[in-house]
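1. Have a look; sequence and predicted model below, questions after that.
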Amino acid sequence: MFASDLRANRSRYTQLQMLLYAITNRARLAGDEDAKRARLAELAAEWAHGGVAYIQVREKDLALTELQALAAKVVEAVRGTGAATKVLVNGPAQVALDADADGVHLPSTQAGKAAGDLGSAMAQTAVQAAELVYARAGREVVVSAACHSAEEIRQAAGADLLLFSPVFEKVTAERARPGQGLTALREAVELAKPVPVLALGGVTEKNAAACVQAGAAGVAAIRMFWGEGWKGMK
């Protein structure tokens with residue numbers, strides 16, 4: 001199974017090419033809601049064809065039933081390419097499983113929190129809870145987790161890969177958030193070992209190589225994958 005292979009071969013990540021992790025945002029697309037969802041599935045297939053290793057379905061405004069339906073559409077599009085790309089859902093593990101996704105992404109505020117006992121005698125962390133949901137279906141789960149500090153890296157124990165951010169300045173509609181820089185990224189990589197860390201936040205095709213030189217296994221982004229520049233990074 002993929003998750004066990006990933007854990008067994010983490011030491012190989014420094015020898016691999018840059019891992020690419022695309023994050024969805026259908027609000028950037030034109031058209032009505034149906035058109036946006038259809039186009040997003042098409043983009044996911046393009047990303048898979050282009051060598052993107054992970055696609056995170058991050059559509060937080062959707063109700064869970066709608067999130068599941070969209071994630072299932074993305075999964076179908078990606079699987080149709082024959083690529084090894086893994087689809088993760090930013091949402092409950094059961095939603096991800098029902099969409100036939102490969103796993104989940106946990107925001108930094110959730111990775112270390114107890115997620116209920118899910119029928120067991122002890123409360124589980126969110127990572128453990130996701131593993132249990134998939135295990136009950138006879139599957140292994142891939143878990144990525146967001147982190148912004150050393151404490152959050154520790155809280156995400158058990159995740160298969162970490163997204164450290166913001167490395168560079170992150171500008172949103174509300175405010176500009178200063179980046180923590182490549183030194184902080186390097187420290188995060190060392191602290192997280194042997195778990196691979198991907199750089200997130202202000203990453204572009206122009207500064208991605210610097211992230212890998214700082215020790216990151218790859219890069220994650222939203223905006224970068226809406227252009228053509230990323231295709232030359234593999």
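-> That came through, no problem. Just so it is clear, the structure is predicted and the values come from calculations on it, not from any experiment.
2. For the one residue sitting closest to the centre of the chain, what are phi and psi?
-> Nearest to the geometric centre of the chain sits residue 56, at 4.8 Å (C-alpha atoms, centre = their mean). Note on residue 56: its backbone torsions stand at phi -100, psi 120 [degrees, to the nearest 10].
3. I figured it was touching residue 142, is that so?
-> No: counting by C-beta atoms under 8 Å, residue 142 is not a contact partner of residue 56; they are 10.8 Å apart. (C-beta placed from N, C-alpha, C; glycine too.)
4. Tell me the residues that contact both of these two, please.
-> residue 88 (C-beta atoms under 8 Å, 6 or more residues apart in numbering).
5. mind listing the helices for this protein?
-> Using DSSP state H, the helices of the chain run over 2-8, 33-49, 64-79, 93-98, 126-135, 150-155, 181-192, 208-213.
6. Please render those as a markdown table that adds distance to residue 162 and mean neighbour count to the earlier fields.
-> A markdown table is the format used below for these (distance: least, C-beta to C-beta, whole Å; neighbours: other C-beta atoms under 10 Å):
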| stretch | distance to residue 162 | mean neighbour count |
| --- | --- | --- |
| helix 2-8 | 13 | 13 |
| helix 33-49 | 21 | 18 |
| helix 64-79 | 22 | 19 |
| helix 93-98 | 18 | 22 |
| helix 126-135 | 11 | 22 |
| helix 150-155 | 6 | 17 |
| helix 181-192 | 5 | 18 |
| helix 208-213 | 13 | 17 |
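7. residue ranges with poor pLDDT in this protein?
-> Within the chain, the segments meeting pLDDT under 70 span 1-16, 109-124, 171-174, 234.
8. picking that back up, the residue nearest to the centre of the chain bridge partners, please.
-> Counting by DSSP bridges, residue 56 is bridged to residue 23, residue 88.
9. Near residue 149, how many other residues are there?
-> By the measure other C-beta atoms under 10 Å, the count of residues near residue 149 is 14.
10. Ramachandran coordinates for it?
-> Per-residue torsions, residue 149: phi -150, psi 170 (degrees, to the nearest 10).
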